[in-house]
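A.B. asks: Have a look; sequence and predicted model below, questions after that.
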Amino acid sequence: MKEATQYLQGKTVLISAGGTGGHVYPALTVAGANIKLHTIFVQGLRGNGIKRLLKAPLTLLSAAYQARRVLKTVSPDIFVGFGGFASGPGAMAAKLAGVPVVVHEQNAAMGLTNKIVSRWAKRVLLAFPITGRPSKVGEVVGNPIRPSIAAIAAPAQRRQPAPPFKVLVVGGSLGAKAINDVVPQALTPLLDRITLTHQTGKTTFAETRAEYEKRGLLETVKVCEYIDDMDKAYAEADLLIARAGALTVSEIASVGVAAIFVPLPHAVDNHQFLNAKFLADNDAAVIIEQKELSAAHLREVVTALLTPEKLRSMAENARQQSHADALPAIIKTITGVLYDRDKNHH
């Protein structure tokens, strides 16, 4: 890693990611602290009516123009795209300018932008094994994880799962209404066996809190809109209930904690289900599809997992699937592509 980082000194790496936190956070992790930010405005092209599709060529042209301006200002040695629609025009501009392109896909299904860009990318890096990818370009490196989460000790070195088991529900930053709606009814009957922390997200905080209040449980259950110290919450949890965004799944694997995933049903290409399946196939998680989600069913699934042995083995299986070296692997790839380019130039 050190040699790779030294080689990058004096080089300019243009990192592009767009749309959602799922694309942006990993990009920021790779960028580290030393960032100059350039923004371009692009709308996503999937769905949302005929008007948007008719405007698509104009949207893309304007974005390509903005991307070219950024490219001229920055004159990068290499372009690294983390997907999301904003990274498409940038990758196109880079290709036209003869700048080598590297792509990183965070999900278990390749997004539209990355599908297109990967055709001319020098290297394609994947967070999860993606079925039907040509092996010559797709290398599984994992998602880069925030250093504070990557630093959490392995399950064997942490407090071992024991009653009362610590259950952590993560409703997401915006709040996964479907999860928040069933959890109070599903899990309050188990409070003699579990302790419950429920992070609701912004949108449904008040109504979820009211559900616990009418059961007289505000003293017993920790209900919050947002958890500041997510690292600590992850490290202490015996079981996690959450959506299956790419970063959530990668963070859960990195920490090593048993999980129940309720994938977002309308995610493009069903990518949340595929993200979750990666851990479920390795006996590290259970998937409940939203159409099957009810208080009774969730309670039944949780109850079946509440033994120290089961929770411990799931946690260890999750940890085995993590890519602790995702960040150095990405840096090494960027360096390798630059090294080849420099070698061929001389």
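C.D. replies: Noted; the coordinates are in hand. Residues are numbered from 1 along each chain as shown.
A.B. asks: tell me the centre residue of the protein?
C.D. replies: Central residue check for the chain by CA atoms, centre = their mean: the C-alpha nearest the mean position is that of L247, 1.8 Å away.
A.B. asks: quick one, what contacts that one?
C.D. replies: Neighbour list for L247: 21-22, 25-26, 106, 143 [criterion: CB atoms under 8 Å, 6 or more residues apart in numbering]. Any C-beta I mention is one placed from the backbone N, CA and C, and that applies to glycine too.
A.B. asks: just the buried members of those?
C.D. replies: 22, 25-26, 106, 143 (16 or more other CB atoms under 10 Å).
A.B. asks: Return the member of the residues you listed nearest to A206.
C.D. replies: G22 (26.3 Å; CB to CB).
A.B. asks: Does that closest one touch A246 like I think?
C.D. replies: Yes: using CB atoms under 8 Å, G22 makes contact with A246 at a distance of 5.3 Å.
A.B. asks: okay, the residue nearest to the centre of the chain: pLDDT?
C.D. replies: L247 is assigned 92 on the pLDDT scale.
A.B. asks: For it, what are phi and psi?
C.D. replies: phi -70, psi -40 (degrees, to the nearest 10).
A.B. asks: Distance of it relative to K166?
C.D. replies: Distance of L247 to K166, computed by CB to CB, to the nearest Å: 21 Å.
A.B. asks: can you list the domains in the protein?
C.D. replies: 2-145+324-345, 149-320 (automatic domain parsing).
A.B. asks: rewinding a little: what do G22 and A246 both touch?
C.D. replies: Common contact partners of G22 and A246 (CB under 8 Å, 6+ apart): 106-107.
A.B. asks: Could you report the neighbour count for V24?
C.D. replies: 16 (other CB atoms under 10 Å).
A.B. asks: OK, contacts around the nearest residue to it once chain neighbours are set aside?
C.D. replies: Take V24 and drop its neighbours on the chain: the residue closest to it by CB to CB, 6 or more residues apart in numbering is A17, 4.8 Å away. Listed by CB under 8 Å, 6+ apart, the contact partners of A17 are 23-24, 26-27, 81-84, 86-87.
A.B. asks: Of these, which belong to strands?
C.D. replies: G81 (DSSP state E).
A.B. asks: what's the farthest-apart pair in the contacts of A17?
C.D. replies: It's P26 and A86 that sit farthest apart of these, by CB to CB, at 14.2 Å.
A.B. asks: how far away is E316 from D228?
C.D. replies: In terms of CB to CB, E316 sits 28 Å off from D228.
A.B. asks: And for K222?
C.D. replies: 13 Å.
A.B. asks: More neighbours: the two, which one.
C.D. replies: Neighbours were counted for K222 and for D228 using other CB under 10 Å; K222 has more, 15 against 8.
A.B. asks: Nearest residue to that one in space, ignoring adjacent ones along the chain?
C.D. replies: Per CB to CB, 6+ apart, closest to K222 is T197, 4.4 Å.
A.B. asks: so the one you found sits in a helix?
C.D. replies: No: counting by DSSP: H, G, I helix; E, B strand; the rest coil, T197 is not part of a helix but strand.
A.B. asks: Number of residues surrounding it?
C.D. replies: For T197, using other CB under 10 Å, the count is 18.
A.B. asks: Could you list everything it pairs with in the sheet?
C.D. replies: Listed by DSSP bridges, the beta-bridge partners for T197 are L168, K222.
A.B. asks: contacting residues around it?
C.D. replies: T197 touches 166-169, 221-222, 224, 227, 233, 237, counting by CB under 8 Å, 6+ apart.
A.B. asks: From Y226, how far off is it?
C.D. replies: 12 Å.
A.B. asks: can you pull out the strands in this structure?
C.D. replies: 13-16, 78-81, 101-105, 123-126, 138-140, 165-170, 194-199, 222-224, 239-242, 258-261, 285-287.
A.B. asks: Within the sheet, what are the partner strands of the first one, with directions?
C.D. replies: Pointing back at strand 13-16 there. Applying DSSP bridges, one finds strand 13-16 paired with strand 78-81 (parallel).
A.B. asks: And the contacts of the strand it pairs with?
C.D. replies: 11-17, 27, 30, 71, 87-88, 90-91, 94, 99-104, 113-114, 117, 121, 330, 334, 337-338, 341.
A.B. asks: Check stretch 145-162 too.
C.D. replies: For stretch 145-162, using CB under 8 Å, 6+ apart, the contacting residues are 25, 29, 230-231, 234-236, 238, 250-251, 254-258, 308, 311-312, 315-316, 319, 322, 324, 326-327.
A.B. asks: now these: which count as buried?
C.D. replies: Here, 16+ other CB under 10 Å leaves 25, 29, 230-231, 234-235, 238, 250-251, 254-258, 311-312, 315-316, 319, 322, 326-327 buried among the contacts of stretch 145-162.
A.B. asks: Show me where the chain dips below the pLDDT cut-off.
C.D. replies: 1-2, 4, 19-21, 33-60, 131-137, 173-175, 346 (pLDDT under 70).
A.B. asks: in stretch 109-118, what counts as buried?
C.D. replies: 109-114, 117-118.
A.B. asks: Kindly report the same for stretch 191-204.
C.D. replies: 194-201, 203-204.
A.B. asks: With stretch 145-165 instead?
C.D. replies: Of the residues in stretch 145-165, 145-146, 149-150, 152, 155, 158, 161, 165 count as buried by neighbour count, 16+ other CB under 10 Å.
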